[in-house]
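J.: how would this look folded up:
(one chain, ligands or ions: 2)
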Amino acid sequence: MEALALEKKAQRNAELRERLMQLKKERNAIILAHFYQRPEIQEVADFIGDSFGLAQKAKTTDADVILFCGVHFMGESAKILNPNKTVIIPDERAGCPMADMVNVAGLRKLKAQHPNAKVVAYINTTADVKAETYICCTSSNAKQVIESIDSDEIIWVPDKNLGHYVSQFTDKKMIIWEGYCNTHDQLSVEDIMNMKREHPNALVVVHPECRPEVVQLADYVGSTTGILKYCRESSHKEFIIGTEDGTRYMLEKESPDKTFHFASKYLVCPNMKVNNLKKCVEALETMKPEIYVPKDVADAARDSLERMLAVAPA
Ligand code: 13P
Ligand code: SF4
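T.: Ligands and ions are numbered 1, 2, ... in the order given. Okay, the predicted model is just below:
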């Protein structure tokens, strides 16, 4: 971008930030953002986190309005945990394709085939699927959630890669749905091997939504919060990152003396990137789009989210 265009953009963003702060005060709103959001959103957020941290924060905030910058299921979870608060999102098109890979009809069929199994749903699911679920989990507490359940048989939805990863740490029988994340599932062994050749001193750090053969090559596997913590606390200076590109903002902020090589240029979730600063301002101005979850669905889904929140990450 030319210098003049950059200057104009910076000026525009400064105006938007000022307006956002004003609206936040007027509405008594909190801005929650996932680590995959654009830097311009992470810069103004009151709290930035992984799915578990965001659900925890959503449950404990005393703000009247939650502006949730992430994808749809995250806003939905915040609403389910706070039925009396207003939850708005910057753009209702920010969905999660993986969450849409499992539906109620399909899950009910599987439950009928395995009547003794308890259902564990990754938090990346829609509210009506959560309502059919015994307990939710995130990538940060999936192992602990599995072990907390008093059943030897688990139906796991929807991420086959995370399901495969956690199945290595339990003796329970896991019936795993065939869903996946379009972004993480693209990362290949070849991508990692090429990066390792280019950067032989770098440690490989990946999200468990990556394929098993990619996860196998990693020095560390964890949620976005886990990845940030690992890189921050490591004495190593160079890392190959196997998660979404939005984490670059916080990785570089927390560890300015370290180098991060993203393992593929395709590690960008287009859904997360639908949100921007301008849409945040518009959402707080119009109080739209608002998240709505029918009461019967929310009440059933809340039980599975609350059970999850009682199981902390290790
Ligand atoms: P975490 O931030 O919980 O690791 O999840 C990643 C993700 O893909 C969210 O959609
Ligand atoms: Fe969904 Fe993957 Fe995007 Fe996360 S990164 S929101 S799992 S598509």
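J.: contacts, neighbours, all on C-alpha from now
T.: OK.
J.: For residue 1, give me the pLDDT.
T.: Note on residue 1: pLDDT of 66.
J.: Buried residues in the longest helix belonging to the chain, which are they?
T.: Longest helix in the chain by number of residues (criterion: DSSP state H): helix 3-27. Of the residues in helix 3-27, 16, 17, 19, 20, 23, 24 count as buried by neighbour count, 16 or more other C-alpha atoms under 10 Å.
J.: again with stretch 99-116
T.: For stretch 99-116, by 16+ other C-alpha under 10 Å, it's 99, 101, 102, 103, 104, 107, 110, 111.
J.: Ramachandran angles for the second one?
T.: With angles defined as degrees, to the nearest 10, residue 101 sits at phi -80, psi -10.
J.: quick one on the thing from earlier: quick one: list the elements packing against the longest helix of the chain.
T.: Contacts defined by 3 or more C-alpha pairs under 8 Å, 6 or more residues apart in numbering; DSSP states H and E place helix 3-27 against helix 277-286.
J.: Could I get the CA-only coordinates of the helix it packs on as CSV?
T.: Extracted C-alpha coordinates of helix 277-286, given in CSV (Å, rounded to 0.1, in the frame of the first residue of the first chain):
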residue,chain,number,x,y,z
LEU,A,277,-13.2,-2.7,13.0
LYS,A,278,-15.9,-0.8,11.0
LYS,A,279,-18.4,-3.6,11.5
CYS,A,280,-17.7,-3.6,15.3
VAL,A,281,-18.6,0.1,15.4
GLU,A,282,-21.8,-0.5,13.3
ALA,A,283,-22.8,-3.5,15.5
LEU,A,284,-22.6,-1.3,18.7
GLU,A,285,-24.4,1.5,16.9
THR,A,286,-27.3,-0.6,15.7
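J.: what's it packed up against?
T.: Using 3+ C-alpha pairs under 8 Å, 6+ apart: helix 277-286 touches helix 3-27, strand 65-69.
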